[in-house]
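> Compute the structure for the input listed below.
(2 chains)
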Amino acid sequence: MNEFTLSCPAPMLSEERILLAHGGGGRLMHQLLERVFLPAFRDPALEARHDGAALEIQGVRLAFTTDSYVVRPLFFPGGNIGDLAINGTVNDLAMCGARPLYLSAGFILEEGLAMETLRRVTDSMRAAAERAGVRLVTGDTKVVDQGHGDGIYINTAGIGVIEAPGEIGPQRVEPGDAVLVSGDLGAHGVAILSVREGLEFEAPIASDTAPLWEPVAALLAAGIEVHCLRDLTRGGLASALNEIAQARGLLISLEEAAIPVSEPVKGACEILGLDPLYVANEGRFVAFVPQSQAERALEALKSVPVSAGAVQVGSVLEEKTAAVVLRSRVGGRRVVDMLSGEQLPRIC
Amino acid sequence: MKFVDEYRDEQAAARLAELIRRRVSRPWTVMEICGGQTHTILKSGLQDLLPPEITLVHGPGCPVCVTPIELIDHAVSIAETPGVIFCSFGDMLRVPGSRRSLLEAKARGADVRIVYSPLDAVKLAQANPARQVVFFAVGFETTAPANAMAVWQARQLGLDNFSILVAHVLVPPAIEAILNSPGCRIRGFLAPGHVCTVAGYEDYEKLAARYRVPIVVTGFEPVDILEGLLMVITQLEEGRAEVENQYRRSVRREGNRQAQQIVREVFQVSDRAWRGIGTIPLSGLALREPYRRYDALERFPPTQAPGEESAECIAGLILQGLKKPPECSAFAVRCTPETPLGAPMVSSEGACAAYYLYGRKEVAS
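Down below sits the predicted model:
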């Protein structure tokens, strides 16, 4: 007879239903992780809460990750759901310091989808896989009734071999680290929004979707002691930095004037009332490296086209307060909080 | 970016802050009316640049915040009526009603959509003749012309399935109500630049004269706000009480006559309840007779008893500048953007949201 044990059930969320914001990369999503998923699946690798899990199998250090893609519209300036599904998973592996090798792809297709649309997506997946140097080696297909999907949903999972000599993750971030971003922020989120909302800009803003292993490899090849890497997807730079600050209980300080945002993205954000610090990117990451190596790290990043716009935007301070602060362009200081829910366009 | 970067310039800001420091001789309390200005002040950390003599208090200029709870509740019930497409600007969605917010109604299956312009809601009505399309017409004088235009257009098109739920408020009566309140410490105002772009500032001249307060029409960038403050402080130190225009690149004294005309065509001035403050006479807009059939209140008469406010929320005092968000016992404890007790915590122009997002000083300093 099994012994009856009292288990600690996952506490109820205060909201009784899933809101869109639970998937927005902000505080509600973190609550969901903390209150539902982490207690349900307890595992040290999962609890590290990195972009992927670092696992050792018979002496080989592997990174393993998965991600699902539900983007509307399927095609947008600069890419489509296919490139995203490859690059996103490749980048999660790269952020573990791992060379991406093998991917799986699961397709959930909506009844009635044009075969031509599917072909365009798979073609760009093949091209993106070639560019990133990964092989797509296994997959799955399901079809759902019309009206029960947005045409195509894709899930990809990936395996890579960790090439970084040391561990990479929030736990390695130290006071005195330099905070580098690999290029200008916000292009992906604004590109999606501009098509979704039918907004037209003088110059169309293209998504920045791109594979990021090459710049990470350049950092490692230059012998940079990389402490932490994070791609700046949902929730943008602000959410990524808050996660890291909280994981390590450290204060991260940013210089607003140093944060790169292109003129068209800046303009679009002004109009829509969005803060580029919170807008999603699909080809940008943040790197924490010792300040003494920041110059060399930037040189290494700039040698690769996808991170040619790399700059230092801030540093990690000694204080024990877990937060992100920003010195504004006019010289005042303020807190940069984690996004609550989704950014909603403003009233006036 | 032209017209933005020069108003976020560190040197210009430092120069204005220095002038304010030199000019100020004693304590002054100044209110910025508009929530957009409140957000700029906190987001740029402007208080760090100002001398301790100057106290900024934040005004009621957040249309989302002052929309009465019973209207939010009614919006939710309309949205939950089968066959309705309920359209709103984005920042109305998270505002808590007494039962739930529009965002929660959406999660339960209501067809709630974010639009960028009321004219998009008219288009939705044209495209969905079998459904009722309702637009939540919230805002100050700034959004009134576009909302009026939507109703006017719906009438031209002979649409029977379009209506608006009106929650329009006006700034000058609110300033007057604040000046009349017994505990008022405010000696000068930054008036909202966007509202004055539409409405002009002739009405503010009467207020400045009657109550002997300087009012400076001010923009929304950090340098705008510092310049506006310098102008108010200069008037106070010199004993003047006039209306001046800092936001000259956008505002003329008479405002935008064409925009005012369409507003007058469709709306008339009426009494309005302000959430947390109470009813202010002649402080809002209501649809005029030929347009009254586009009033969502007529098409969907309220059936529920008015909901109750959170007993702990002090939004009313905050909106009148009598308290600051950190003085609220629930602030950042029981009231957060995820679990709001009042609207100022979730509106993009709300003072509580500004303090929560940017202003928790124990961290920033």
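
> Now do the domain split for chain B, please.
With automatic domain parsing as the criterion, the domains of chain B are listed as B:1-309, B:315-364.

> residue contacts, the one residue in chain B that gets nearest to chain A?
Across chain B, the shortest distance to chain A (CB to the nearest CB) belongs to residue B:45, at 2.0 Å. Every C-beta, even on glycine, is put in place using the N, C-alpha and C of the backbone. Going by CB atoms under 8 Å, 6 or more residues apart in numbering or on different chains, residue B:45 touches A:327, A:328, A:330, A:331, A:332, A:333, A:334, B:358, B:364.

> Dump these into TSV; add distance to residue A:112, secondary structure and neighbour count as well.
As requested, the contacts of residue B:45 are arranged in TSV below (distance: CB to CB, whole Å; DSSP: H, G, I helix; E, B strand; the rest coil; neighbours: other CB atoms under 10 Å in any protein chain shown):
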residue	distance to residue A:112	secondary structure	neighbour count
A:327	53	strand	20
A:328	50	coil	25
A:330	54	coil	28
A:331	57	coil	19
A:332	54	coil	25
A:333	54	strand	19
A:334	49	strand	27
B:358	47	helix	25
B:364	53	helix	20
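
> Turn those residues into a markdown table, columns for pLDDT and distance to residue B:306.
Below are these laid out as a markdown table (pLDDT from 0 to 100; distance: CB to CB, whole Å):
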| residue | pLDDT | distance to residue B:306 |
| --- | --- | --- |
| A:327 | 93 | 46 |
| A:328 | 91 | 42 |
| A:330 | 90 | 44 |
| A:331 | 88 | 47 |
| A:332 | 89 | 41 |
| A:333 | 89 | 43 |
| A:334 | 90 | 38 |
| B:358 | 87 | 34 |
| B:364 | 45 | 39 |
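
> ok, of those, which one's closest to residue B:249?
Nearest to residue B:249 among these is residue A:330, at 18.5 Å by CB to CB.

> what helix or strand does the closest residue to that closest one other than its chain neighbours sit in?
When the adjacent residues along the chain are set aside, residue A:330 lies closest to residue B:13, with 3.8 Å between them (CB to CB, 6 or more residues apart in numbering or on different chains). Assignment of secondary structure by DSSP states H and E places residue B:13 within helix B:10-23.

> Of all the residues in that helix, which ones are buried?
B:10, B:12, B:13, B:16, B:17, B:19, B:20 (16 or more other CB atoms under 10 Å in any protein chain shown).

> what residues does it touch?
Residues outside helix B:10-23 that contact it (CB under 8 Å, 6+ apart) are A:257, A:329-331, B:6, B:46, B:49-51, B:54, B:222-223, B:226-227, B:229-230, B:233-234, B:237.

> Now do residue B:236 against residue B:5, distance only.
30 Å (CB to CB, to the nearest Å).

> With neighbour numbers in mind, choose between these two.
Between residue B:236 and residue B:5, counting by other CB atoms under 10 Å in any protein chain shown, residue B:236 is the more crowded of the two (20 against 12).

> and that one, what is it in contact with?
Residue B:236 sits next to B:28, B:187, B:188, B:214 when contact means CB under 8 Å, 6+ apart.

> For the first one, the count of nearby residues, please.
Neighbour count of residue B:28, defined by other CB under 10 Å: 21.

> Residue A:245 belongs to a helix, doesn't it?
Yes: note on residue A:245: a helix contains this position according to DSSP: H, G, I helix; E, B strand; the rest coil.

> Can you report phi and psi for the residue lying closest to the residue of chain B closest to chain A once chain neighbours are set aside?
The shortest distance from residue B:45 to any residue other than its chain neighbours is 2.0 Å, reached at residue A:332 (CB to CB, 6+ apart). Main-chain torsions, residue A:332, degrees, to the nearest 10: phi -90, psi 170.

> Could you do residue A:186 as well?
Given degrees, to the nearest 10, the pair of backbone angles that residue A:186 has is phi 100, psi -10.

> Could you check how far it is from chain B?
Shown here: residue A:186 relative to chain B, a distance of 13 Å by CB to the nearest CB, to the nearest Å.

> need the longest helix for chain A.
If you go by DSSP state H, chain A has its longest helix at helix A:115-132.

> next structured bit after that helix?
On the C-terminal side of helix A:115-132, the closest following helix or strand by DSSP H and E is strand A:135-144.

> That following strand: partners in the sheet, and parallel or antiparallel?
Here strand A:135-144 has these sheet partners by DSSP bridges: strand A:98-110 (parallel).

> For the strand it pairs with, output the C-alpha coordinates as CSV.
Listed next in CSV are the C-alpha coordinates belonging to strand A:98-110 (Å, rounded to 0.1, in the frame of the first residue of the first chain):
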residue,chain,number,x,y,z
ALA,A,98,26.0,26.1,-27.1
ARG,A,99,26.6,25.5,-30.8
PRO,A,100,23.2,24.6,-32.2
LEU,A,101,23.1,21.3,-34.0
TYR,A,102,19.8,19.5,-34.3
LEU,A,103,16.2,20.7,-34.3
SER,A,104,12.7,19.1,-34.3
ALA,A,105,9.6,20.8,-35.7
GLY,A,106,6.0,20.2,-34.8
PHE,A,107,3.3,21.8,-37.0
ILE,A,108,-0.3,22.4,-36.0
LEU,A,109,-2.1,23.3,-39.2
GLU,A,110,-5.6,24.7,-39.5
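
> how far is it from where the chain is centred?
From the chain centre to the centre of strand A:98-110 is a distance of 16 Å (CA atoms, centre = their mean, to the nearest Å).

> residues of it that come out buried?
Counting neighbours by 16+ other CB under 10 Å, one finds that the buried residues in strand A:98-110 are A:98, A:99, A:100, A:101, A:103, A:104, A:105, A:106, A:107, A:108, A:109, A:110.

> Identify the farthest-apart pair in these.
Of all pairs drawn from the buried residues of strand A:98-110, the widest gap by CB to CB lies between A:99 and A:110 and measures 34.8 Å.

> on that earlier part again, so for the helix holding residue B:13, mean pLDDT?
Helix B:10-23 carries an average pLDDT of 95.

> just to revisit the earlier point, model confidence for the residue of chain B closest to chain A, exactly?
91.

> what do you get for residue A:205?
According to the model, residue A:205 carries a pLDDT of 89.

> Repeat that for the one 5 residues further on.
Looking at residue A:210, its pLDDT stands at 97.

> do the same with the one 5 residues further on
In the prediction, the pLDDT value recorded for residue A:215 is 98.
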